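*Asks:* the amino acid sequence is not available; the structure is as follows:
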């Protein structure tokens, strides 16, 4: 006999369904009896063996409410999956019991989060040109100059300060017109400074300060003043005039290495300057391609999103928010910082961080991931066996270059097989990601449509040629008429 008497479903605006399930009364009574037996088995009732006490005695011992609660648990376990099946609902997350509307008859009200749904719209009509520009020789020169500075040797010098020097100086800033301790707004003694003429937003005590020390020598002192704006971030400095006294203690100059073959060898970038330039250029190109692609595909997915319809329940987003926070916490831990310490540094708390940073990031990540996965399915992309094998081998080679050897894994063949399966799954995911990105790019640039038209044109041509060949073959197989020579008359034969 069917245990579910009636099911009603009401869609909600947040991609969830309210499902009301009504049962026959005898089902509740049976569940109460089973609940009572379970209670009796777990406890002791005087005068009865475990599980053998009559129902009314068990009610007296534990109370009607305890038995009803157990009965509800029993019914939930039985009816919830069956109700989902009969209502043809596909949950996207665990449902919840909102209320027990009545006991006679038993009526349950559930909230069911539905599976995420996405309709990409007519995404094949979207066009976003791919305008990557390869780094030029000037960018290679700038990178080499940066590397020269990184490998520069520093030593104490007895000359005026120059651009690129490292110095130590005493700097005291006093607010003009103020007296006592309140007058001092900046004080750093024997503080290190890097001298540069370039603008740096994080420069202390104000942007452009360090270049004012160019030309000073060890032991020399001078003063410089700064008038701060009325909207300065530090309220104490708004519209204030501050006089800074600078005393130079030490000057370290930098000796830049020559851009020669020896420098190339020291970098590990070839044996000659020419090889070094080629390798640096290739590195720059990989970095710039990666950076451009990140921006390009993010913009492309956001463009697809404009024409897409995306639905998901709040539970899915909450789970993504938790993952964003967990990822952030793990990255900070790898850098030696606790998540709580980071929140304090940012002058925020978990609730504020979640709403202002984690949730918006989670929403973008969730929706972009849904778009990406749906596009891969819509395009029916399939990984060729040979391509997967090649990707698998490349992944293993990458691990081997880091010192990993599958043959040395502890745990024997079983552990090796498990790791190999994980590597295979990772390889398949990487390959599918690249295939999907390539298809997205081909569609957005119009190359895919062009290739389709060319393929259709080639197919029609092949079909036409095949029809022509078949016709010619049919014609060739037709029987030919044989001419029979006329018989000669008697006179002619004589």
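*Replies:* Happy to help now that I have it. Here the structure is a predicted model, which means the values were calculated and not measured.

*Asks:* ok, residues contacting stretch 81-93?
*Replies:* With Cβ atoms under 8 Å, 6 or more residues apart in numbering as the test, stretch 81-93 has contacts from 3-4, 7, 9, 15, 17, 19, 21, 95, 110, 112-116, 312-313, 315-316, 319. For glycine as for every other residue, the C-beta is placed from the backbone atoms N, C-alpha and C.

*Asks:* center of this structure, which residue is that?
*Replies:* residue 365 (5.9 Å; Cα atoms, centre = their mean).

*Asks:* so it touches residue 324, yeah?
*Replies:* Yes: between residue 365 and residue 324 there is a contact under Cβ atoms under 8 Å: 6.9 Å.

*Asks:* and the helix or strand hosting residue 367, what's its mean pLDDT?
*Replies:* According to DSSP states H and E, residue 367 maps onto helix 359-378. Throughout helix 359-378, pLDDT has a mean value of 93.

*Asks:* what does stretch 81-96 give?
*Replies:* Here the average pLDDT along stretch 81-96 is 91.

*Asks:* now do stretch 59-72
*Replies:* On average, stretch 59-72 scores 87.

*Asks:* what's that stretch in contact with?
*Replies:* Looking at stretch 59-72 with Cβ under 8 Å, 6+ apart, the contacting residues turn out to be 28, 31-32, 34-36, 38-40, 43, 45, 53, 58, 100, 103.

*Asks:* out of those residues, list just those in strands.
*Replies:* In this view, those that belong to strands under DSSP state E are 100, 103.

*Asks:* what comes up buried for stretch 383-403?
*Replies:* 391-392, 395-396 (16 or more other Cβ atoms under 10 Å).

*Asks:* and the contacts of stretch 59-72, which is closest to residue 348?
*Replies:* residue 100 (40.8 Å; Cβ to Cβ).

*Asks:* pretty sure the closest one sits against residue 75.
*Replies:* No: taking Cβ under 8 Å as the definition, residue 100 is not a contact partner of residue 75, at 9.7 Å.

*Asks:* what subset of the contacts of stretch 81-93 is buried?
*Replies:* 4, 7, 15, 17, 19, 21, 95, 110, 112-114, 116, 312-313, 315-316.

*Asks:* tell me which residues of stretch 140-156 come out buried.
*Replies:* 140, 143-144, 147-148.

*Asks:* same question but for stretch 212-230, I mixed them up
*Replies:* Those would be 212-213, 216, 218, 224, 226, 228, for stretch 212-230 by 16+ other Cβ under 10 Å.

*Asks:* and of these, the nearest to residue 371?
*Replies:* Closest to residue 371, out of all of the buried residues of stretch 212-230 and judged by Cβ to Cβ, is residue 228, at 47.0 Å.

*Asks:* look up how far residue 173 lies from the closest residue to that closest one other than its chain neighbours.
*Replies:* Once flanking residues are discounted, residue 228 sits nearest to residue 237: 4.4 Å by Cβ to Cβ, 6 or more residues apart in numbering. Noted for residue 237: a distance of 9 Å to residue 173, by Cβ to Cβ, to the nearest Å.

*Asks:* residues near residue 377, how many?
*Replies:* 11 (other Cβ atoms under 10 Å).
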